[in-house]
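Trainee: could you work out the structure for the sequence below:
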Amino acid sequence: MVGGGSSNQLTLSFRGEVFVYDAVSPEKVQAVLLLLGGYEVPAGIPTVNMASQSHRASSEGPGRLNQPQRAASLSRFREKRKERCFDKKIRYTVRKEVALRMQRKKGQFTSSKTVSDEAASSSAEGNAGSSQEEQETLCRHCGTSSKSTPMMRRGPAGPRSLCNACGLTWANKGILRDLSKVSTTGAQEHSVKSSEQNNGEADGSDVMAAAGIITSDDENMVLPSE
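Mentor: Residues are numbered from 1 along each chain as shown. Coordinates of the predicted model:
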């Protein structure tokens, strides 16, 4: 800091920049230094004329000396800093309204359906499933009843539309089984069973007839006298 004695001009040098103030008395400089906790300036310090440096500083950095622009820049920076928020923040009012309307459970969003509605829907589904199971249905392909097959299976007409045999054929081969072969096989099995039954009855009648002949022979046989 260098002060001019004759012209009462104060020249300040700070970080390579020079600031010049006119009409500043030494008493004011002394009062400012004492207020800032400085020291008294001896009266014998020579003053150096730094007018050239002051002119160079004013010509090099006119923007730095413009205090209103700096104040405006600082105010804009402070406003931006106020807008910064490091926490989770909803920046849109519409999303905020939707978030406030939604129900939460332990801080997380839950479905709009209440627990009673869910229980009622589950019970209705259970009742519908039980009634569907209890209701007797017929196979859409062969006409077999649901009570005569282990389980009803899915077919081209939807779930529980085919019997177990037709459903397995549809699931494995993608076609419906041939009922003509099934009916022929069933008729053959029925004829075999009936023939076996008839043969068994005939064999039984033959055995009974043979037993009757033997009994009659025993009755007609005369024992010799001793």
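Trainee: could you use CA atoms for every contact and neighbour count after this?
Mentor: Will do.
Trainee: count of neighbours near residue 135?
Mentor: With neighbours defined by other Cα atoms under 10 Å, the count for residue 135 comes to 10.
Trainee: so what's it up against?
Mentor: Residues near residue 135 by Cα atoms under 8 Å, 6 or more residues apart in numbering: none.
Trainee: tell me which element residue 27 is part of?
Mentor: Using DSSP states H and E, residue 27 maps to helix 26-35.
Trainee: in that helix, what's buried?
Mentor: Neighbour-count burial for helix 26-35 flags 26, 30 (criterion: 16 or more other Cα atoms under 10 Å).
Trainee: excluding chain neighbours, what is closest to residue 102?
Mentor: Once flanking residues are discounted, residue 102 sits nearest to residue 109: 6.7 Å by Cα to Cα, 6 or more residues apart in numbering.
Trainee: let me see the domain layout of this structure.
Mentor: Domains of the chain are assigned by automatic domain parsing as 2-64, 137-175, 178-217.
Trainee: run a quick neighbour tally on the residue nearest to residue 102.
Mentor: When neighbours are defined as other Cα under 10 Å, residue 109 has 11 of them.
Trainee: who's it bridged to?
Mentor: residue 104 (DSSP bridges).
Trainee: I'd guessed it sits against residue 103; true?
Mentor: Yes. Using Cα atoms under 8 Å, residue 109 is in contact with residue 103, at 5.9 Å.
Trainee: coming back round to it: what about the residue nearest to residue 102, distance to residue 100?
Mentor: 10 Å (Cα to Cα, to the nearest Å).
Trainee: show me the shaky parts of the chain.
Mentor: 1-7, 37-65, 85-92, 112-134, 183-226 (pLDDT under 70).
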